[in-house]
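[1] structure for the following, please:
(one chain, ligands or ions: 1)
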Amino acid sequence: MDKLVIEGGVRLRGEVTVSGAKNSVLPILAATLLTDDACIIKGVPDLRDTSTMLKLLRSLGKNVEVDKGVVTVTAGKAANYIADYKIVSTMRASFCVLGPLLGKLKKARVSLPGGCAIGTRPVDLHLKGIKLLGADLKVEGGYVIAKASKLTGVHMYLGGVYGSSVLATDNVMMAAVLAHGKTVIESAACEPEVVDLAEFLIKMGAKIKGHGTPIIEIEGVRHLHGAAHTAIADRIEAGTLILAALITKGDILLKNCNYRHLGAVIDKLEEAGAQFTRTEGSLHVRYQKPLNAVNITTLPYPGFPTDMQAQMMSLMSVTSGISVITEKIYPDRFMHVAELNRMGAHIQREGPHAIVEGIKELSGAPVMASDLRASAGLVLAGLAARGKTQISRIYHLERGYENIEEKLQKLGAKIWRERE
Ligand code: EPZ
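    Okay, the predicted model is just below:
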């Protein structure tokens with residue numbers, strides 16, 4: 001297994017291009033199951049998670065070709081409707097093949113994904129929505145077995161205790177596009193990745209309105225055709241790179257970056273004293289003066305993203321003052337706290353809050369990655385720390401950050417990979 005080694009203390013400077021959004025691409029690839037025609041998806045990042053989704057599509061009978069970020073999906077000899085435990089258990093987003101399989105084949109057998117390092121992560125909202133569309137559902141042997149002679153549009157409320165759900169909205173939307181009649185999803189997720197999926201479905205012939213708002217309306221159609229689509233830029237990768245610039249007192253121009261998708265993050269960082277220049281398709285961030293501590297609360301979009309919480313905690317660890325970080329999406333997503341404290345941070349966890357007392361400097365240490373965004377937080381901490389940081393279990397990072405070492409190296413970071 002590889003580990004990442006970082007020699008901290010270098011100010012990052014230069015230009016970097018943000019990759020296509022992992023969390024857009026995963027459901028969009030699942031949506032190709034809705035047609036037998038060819039679909040071409042561009043801007044697909046080369047990641048462990050995207051490879052897992054391609055493997056799942058192949059196991060479901062699709063032919064998949066990959067060429068430099070362009071994925072072409074065509075129908076294979078026979079469609080399969082069973083999404084196997086071995087694949088689904090390695091990546092939760094695989095569960096969103098349920099909606100398209102059911103929509104297209106009227107039957108699906110999809111392994112339940114189970115929990116993960118950031119929490120229990122139930123799928124009750126996915127199942128509620130699919131059931132309301134008229135499917136017969138049962139759970140047997142760890143699989144959801146779904147069938148429907150026909151799916152029928154319905155008005156549903158899809159909010160849960162923690163608000164809207166991104167993948168449940170995706171899953172239900174993908175089942176509803178081929179249902180009879182009109183579906184209305186209330187309390188739908190508004191994340192840009194949901195909008196991107198809806199745009200792809202519309203290119204395939206779906207009739208969808210209201211995506212990007214909490215009420216999505218879908219008029220079912222008889223069949224969908226092939227389409228080509230370019231995924232939006234990854235706002236979480238962009239946000240992570242912004243924080244890499246700030247935590248190292250640097251200056252970075254992000255290309256292929258939609259600043260409109262980063263409203264809450266930029267707003268908080270401006271409140272902390274960071275400087276931004278927004279242009280169409282790019283964002284310039286520079287450190288000009290010591291930042292102030294700010295409080296953050298994670299919320300569904302357009303609120304501050306939970307996927308940026310760990311990285312923000314690293315920045316606040318070295319920002320003078322006290323910052324209260326409240327996690328409202330995954331109240332247990334704090335695995336990085338103990339690791340940051342191993343680097344000298346002063347962070348105390350109290351239920352869904354972390355109280356961060358900013359210190360002058362972190363010191364490099366061996367630390368362990370626990371999930372994707374926690375790993376990104378540790379990379380940021382390592383970039384700022386005095387001395388050497390060694391991050392083990394970096395396969396978590398490989399799930400969601402394309403060529404992260406190369407990108408950071410180009411900005412001047414001393415970061416490399418070593419065999420453990
Ligand atoms: C998506 O996961 C993202 N994954 C996650 O990104 C992200 O953290 C999350 O949205 C929140 O923004 C992908 O898009 C592939 P949710 P998802 O359903 O859709 C609860 C990353 O690091 N809930 O929006 O699975 C849930 O427990 C990853 O890139 C239910 O209660 O998240 C959470 O508290 C990790 N019942 C809240 O809703 C359900 O049926 C929001 O989760 C579903 C969710």
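
[2] so what's the residue count around residue 315?
    Applying other C-beta atoms under 10 Å, we find 28 residues neighbouring residue 315. Quick note: C-beta positions are derived from backbone N, CA and C, even for glycine.

[3] quick one, phi/psi of it?
    Dihedral angles phi and psi of residue 315 (degrees, to the nearest 10) take the values phi -60, psi -40.

[4] what about it, distance to the ligand?
    18 Å (C-beta to the nearest ligand atom, to the nearest Å).

[5] so who does that residue touch?
    243, 246-247, 291, 380 (C-beta atoms under 8 Å, 6 or more residues apart in numbering).

[6] want to throw these into a markdown table with distance to the ligand, pLDDT and neighbour count?
    Below are those laid out as a markdown table (distance: C-beta to the nearest ligand atom, whole Å; pLDDT from 0 to 100; neighbours: other C-beta atoms under 10 Å):
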| residue | distance to the ligand | pLDDT | neighbour count |
| --- | --- | --- | --- |
| 243 | 15 | 98 | 25 |
| 246 | 20 | 98 | 26 |
| 247 | 19 | 98 | 27 |
| 291 | 24 | 98 | 22 |
| 380 | 15 | 98 | 30 |
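
[7] from the ligand, how far off is the nearest residue to residue 381 once chain neighbours are set aside?
    Nearest residue to residue 381 in three dimensions, chain neighbours excluded: residue 314, at 4.4 Å (C-beta to C-beta, 6 or more residues apart in numbering). To the ligand, residue 314 is 15 Å away according to C-beta to the nearest ligand atom.

[8] please apply the same query to residue 14.
    For residue 14, the distance to the ligand - C-beta to the nearest ligand atom - is 25 Å.

[9] so residue 20 sits against residue 71, correct?
    No - applying C-beta atoms under 8 Å, one finds residue 20 not in contact with residue 71, separated by 10.3 Å.

[10] mind listing the shared neighbours of those two?
    By C-beta under 8 Å, 6+ apart, residue 20 and residue 71 have these common neighbours: residue 44.

[11] so where do the helices sit in the stretch 51-200 of the chain?
    For the stretch 51-200 of the chain, the helices defined by DSSP state H, counting those that start in this stretch occupy 85-88, 98-105, 124-132, 166-176, 192-203.

[12] now those in JSON lines, with mean neighbour count and mean pLDDT?
    JSON lines is the format used below for the helices of the stretch 51-200 of the chain (neighbours: other C-beta atoms under 10 Å; pLDDT from 0 to 100):
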{"stretch": "helix 85-88", "mean neighbour count": "17", "mean pLDDT": "95"}
{"stretch": "helix 98-105", "mean neighbour count": "26", "mean pLDDT": "98"}
{"stretch": "helix 124-132", "mean neighbour count": "21", "mean pLDDT": "97"}
{"stretch": "helix 166-176", "mean neighbour count": "29", "mean pLDDT": "98"}
{"stretch": "helix 192-203", "mean neighbour count": "23", "mean pLDDT": "98"}
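
[13] including distance to residue 299, could these go into CSV?
    Shown next, in CSV, are the helices of the stretch 51-200 of the chain (distance: least, C-beta to C-beta, whole Å):
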stretch, distance to residue 299
helix 85-88, 28
helix 98-105, 25
helix 124-132, 17
helix 166-176, 13
helix 192-203, 15
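
[14] can you put those helices in a markdown table and add distance to the ligand?
    Formatted as a markdown table, the helices of the stretch 51-200 of the chain follow (distance: least, C-beta to the nearest ligand atom, whole Å):
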| stretch | distance to the ligand |
| --- | --- |
| helix 85-88 | 13 |
| helix 98-105 | 11 |
| helix 124-132 | 3 |
| helix 166-176 | 3 |
| helix 192-203 | 6 |
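
[15] who in the stretch 201-350 of the chain is up against the ligand?
    Contact residues (C-beta under 6 Å from any ligand atom) of the stretch 201-350 of the chain with the ligand: 306-307, 329-330.

[16] who touches the lowest-mean-pLDDT helix or strand in the chain?
    The weakest-scoring helix or strand in the chain, judged by mean pLDDT, DSSP states H and E, is helix 395-398 (a mean of 92). The contact list for helix 395-398, computed with C-beta under 8 Å, 6+ apart, reads 1, 4, 47-48, 369-372, 374-376, 379, 391, 404.

[17] just the residues you listed now: which is nearest the ligand?
    residue 372 (4.4 Å; C-beta to the nearest ligand atom).

[18] related to what we said a few turns ago, is the least confident helix or strand of the chain anywhere near the ligand?
    No - applying C-beta under 6 Å from any ligand atom, one finds helix 395-398 separated from the ligand by no less than 9.3 Å.

[19] follow-up on the earlier one: in TSV, list the residues of the stretch 201-350 of the chain next to the ligand along with pLDDT, secondary structure and neighbour count.
    Below are these laid out as TSV (pLDDT from 0 to 100; DSSP: H, G, I helix; E, B strand; the rest coil; neighbours: other C-beta atoms under 10 Å):
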residue	pLDDT	secondary structure	neighbour count
306	98	helix	19
307	98	helix	24
329	96	coil	22
330	95	coil	20
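
[20] now do the phi/psi pair for the most far-flung residue of the chain relative to its centre.
    No residue in the chain sits farther from the centre than residue 149, which is 33.4 Å out by C-alpha atoms, centre = their mean. Dihedral pair for residue 149: phi -70, psi -40, per degrees, to the nearest 10.
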